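[1] Structure of the sequence below:
(2 chains)
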Number of protein chains: 2
Amino acid sequence: MIERLCIIGTGLIGGSLARALRAADYCREVVGCSRNPEHLQQAVELGVIDRYETDPARAVEGADMVLVAVPLGAMEPVFRMLRGHLPAGAAITDVGSAKASVIEAARRGFGELPAAFVPGHPIAGTEQSGVAASFPELFRDRRVILTPVEQTSAEATARVRAMWEAAGAVVDEMDPAHHDTVLAATSHLPHVLAFALVDSLTRLGESDEIFRYAAGGFRDFTRIASSDPVMWRDICLANGDAILQMIDRFSGDLQQLADAVRQHDGETLQTVFASAKQTRDRYVDKHT
Amino acid sequence: MIERLCIIGTGLIGGSLARALRAADYCREVVGCSRNPEHLQQAVELGVIDRYETDPARAVEGADMVLVAVPLGAMEPVFRMLRGHLPAGAAITDVGSAKASVIEAARRGFGELPAAFVPGHPIAGTEQSGVAASFPELFRDRRVILTPVEQTSAEATARVRAMWEAAGAVVDEMDPAHHDTVLAATSHLPHVLAFALVDSLTRLGESDEIFRYAAGGFRDFTRIASSDPVMWRDICLANGDAILQMIDRFSGDLQQLADAVRQHDGETLQTVFASAKQTRDRYVDKHT
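    This next block holds a predicted model:
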């Protein structure tokens, strides 16, 4: 049970967690914090938060749980503003899509890594953003990865885990670097490919006609290209090494397919396509 | 109105057209044809066709409309079996995803391009295949592209157009090469990328763990990797030149993005992502 939850960054993720914890009666009070008073006012009107502050140091006063749900590029400045202001006994966690960079941001922002800080990442979201898109079921049966490090207190980790479980999520723990590799593969690379594809087609010069003949498969394939550009810029900057490795691997595999097309090598094409279909049917339908 | 429709290849596309034309009362009798009697029996039991033949030459007897809905690789053999057997006055069309290759297959199979042959391509489908997956609304408000050539009779083109319109589709006409370029961009390249991505991740060696953390975006992005491997092998072989051009363009654009990641060039990343989001939001929601 959380007495006072402070959510810094009241967008889709922060707003959905607040809604989920309220629905589960797991949280007595929610204090929102953002640079944008209009967003905060909207969050109050939607019943997502009870009240708000625009200064993170004031927002966390009296909180026993702090969720930092700001873009990756804003993590370090937020941590710096919180330095010396975290209430004793509060646990603090984040929702950043790259963990090594957030841990480094926390180390720099706080001066040293607080024991109360539990790096975390809910594997959930939509291509929407903003508190108006938030909904309490966003995390239901979704995975949340926590990446506690040596300095992290086990008690803080347990409280953050309990919070996500109250929101309906399944919580795993993982090494930060491993998290960053896994997410580069399953999320960051696909987003880069979707953005790159739409960009590539846009530059064909007849994109209006091109998109007229796009069918349902294309709509599904490119849905993630409607994601927030700033968030994805930050992810690419924060998890660049792992993403570059995945792009390199993928580019090599794509060139092998291109070679098979060039050489009219139907056997290789069918083998690769069949293997991909088998994997996709087996794993994705099982896990999502 | 069609008196006797002969559908060679009674799968998702052929079956859905039969269902749509029956629902629209546009067709008195449907004769199915396939190499597989079990599929044909299933199509009869589902009420999709009235009766069937396994020999294309016999199946088209007395038909006034012939739809060839077989994989691209089977087009030329089917056309060869139909040589000399097309009833006078019958129009014949196909549903192949690449048009230049089908036109060449018809030229070779029939000896010369029949005036009654109207190359066509309905831009519709799902990742499913087979007659059991067919449904009458598959073509509703979807585009069908016809690519008549110099030899094609205007009367046959008009009848094929009327058939697709009766099934609820919007019919456009286009040069075959232009069709192949547009489809390479909007359909063939995305499918190759989806297959390549899933294949690439499978080869990471920890794919079970990797896919456990795949979220909804990944599921959408890779749905088309569940498509029929043989069909896509054939498309890659039939439209190889246009697909290779698109892969080359895409690979270049992807490398530019990778360079931006490598150089921590957040401005370029954000610009490309924002442009892609804008295009995707604008065109795709408008057209699909």
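
[2] Every contact and neighbour count from this point should use C-alpha atoms.
    Will do.

[3] Could you state which residue of chain A sits nearest its centroid?
    The centre of chain A sits closest to residue A:97, judged by C-alpha atoms, centre = their mean, with a distance of 4.1 Å.

[4] Now that one: which helix or strand?
    Using DSSP states H and E, residue A:97 sits in no helix or strand.

[5] show me the contacts for it.
    A:72, A:121, A:183, A:235 (C-alpha atoms under 8 Å, 6 or more residues apart in numbering or on different chains).

[6] Those residues in helices, which ones?
    Residues of the contacts of residue A:97 located in helices (DSSP state H): A:183, A:235.

[7] filter the contacts of residue A:97 down to the ones close to chain B.
    Among the contacts of residue A:97, the residues lying close to chain B (C-alpha under 8 Å from any C-alpha of the partner chain) are residue A:183.

[8] What does the pLDDT read for the residue nearest to the centre of chain A?
    In this model, residue A:97 is scored at 94, pLDDT.

[9] before we move on, the earlier item: just send the contacts of residue A:97 back as JSON lines, with pLDDT and neighbour count too.
    Shown next, in JSON lines, are the contacts of residue A:97 (pLDDT from 0 to 100; neighbours: other C-alpha atoms under 10 Å in any protein chain shown):
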{"residue": "A:72", "pLDDT": "94", "neighbour count": "26"}
{"residue": "A:121", "pLDDT": "97", "neighbour count": "22"}
{"residue": "A:183", "pLDDT": "94", "neighbour count": "25"}
{"residue": "A:235", "pLDDT": "96", "neighbour count": "22"}
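
[10] Check the contacts of residue A:97 and tell me the two furthest apart.
    Pairwise distances across these (C-alpha to C-alpha) peak at 14.6 Å, for the pair A:72 and A:183.

[11] ok, back up a step: for the contacts of residue A:97, which one is nearest chain B?
    residue A:183 (7.5 Å; C-alpha to the nearest C-alpha).

[12] what's around the nearest residue to residue A:167 once chain neighbours are set aside, how many residues?
    Residue nearest to residue A:167 in three dimensions, not counting chain neighbours: residue A:20, with 5.1 Å by C-alpha to C-alpha, 6 or more residues apart in numbering or on different chains. Close neighbours of residue A:20, defined as other C-alpha atoms under 10 Å in any protein chain shown, add up to 26.

[13] ok now do residue A:20, which residues does it touch?
    By C-alpha under 8 Å, 6+ apart, the neighbours of residue A:20 are A:135, A:136, A:137, A:166, A:167, A:168.

[14] let's go with 10 Å and repeat that
    Counting by C-alpha atoms under 10 Å, 6 or more residues apart in numbering or on different chains, residue A:20 makes contact with A:14, A:26-27, A:48, A:134-140, A:163-164, A:166-168.

[15] Which of the residues you listed fall within helices?
    A:14, A:163, A:164, A:166.

[16] List the buried residues of stretch A:104-124.
    Of all the residues in stretch A:104-124, those buried under the rule 16 or more other C-alpha atoms under 10 Å in any protein chain shown are A:105-107, A:109-110, A:113-124.

[17] can you tell me which of those are in helices?
    Going by DSSP H, the helices hold A:105, A:106, A:107, A:109, A:110 from those.

[18] Neighbours of the closest residue to residue A:49 other than its chain neighbours, how many?
    The spatially closest residue to residue A:49, leaving aside those adjacent along the chain, is residue A:30, at 5.0 Å (C-alpha to C-alpha, 6+ apart). When neighbours are counted by other C-alpha under 10 Å, residue A:30 registers 26.

[19] Spell out which residues of the stretch 51-200 of chain A are next to chain B.
    When proximity is defined as C-alpha under 10 Å from any C-alpha of the partner chain, the stretch 51-200 of chain A approaches chain B at A:122-127, A:142-145, A:179, A:181-200.

[20] what ranges do the strands span in the stretch 51-200 of chain A?
    Using DSSP state E, counting those that start in this stretch, the strands of the stretch 51-200 of chain A run over A:51-53, A:65-68, A:91-94, A:117-118, A:120-122, A:143-146, A:170-173.

[21] who does the shortest one pair up with?
    In other words, strand A:117-118. Strand A:117-118 sits in its sheet next to strand A:91-94 (parallel), going by DSSP bridges.

[22] Would you convert the strands of the stretch 51-200 of chain A into JSON lines that also reports distance to residue A:265?
    Shown next, in JSON lines, are the strands of the stretch 51-200 of chain A (distance: least, C-alpha to C-alpha, whole Å):
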{"stretch": "strand A:51-53", "distance to residue A:265": "62"}
{"stretch": "strand A:65-68", "distance to residue A:265": "51"}
{"stretch": "strand A:91-94", "distance to residue A:265": "48"}
{"stretch": "strand A:117-118", "distance to residue A:265": "50"}
{"stretch": "strand A:120-122", "distance to residue A:265": "42"}
{"stretch": "strand A:143-146", "distance to residue A:265": "40"}
{"stretch": "strand A:170-173", "distance to residue A:265": "43"}
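
[23] To residue A:275, which of these lies closest?
    Using C-alpha to C-alpha, the strands of the stretch 51-200 of chain A put strand A:143-146 closest to residue A:275, at 26.1 Å.
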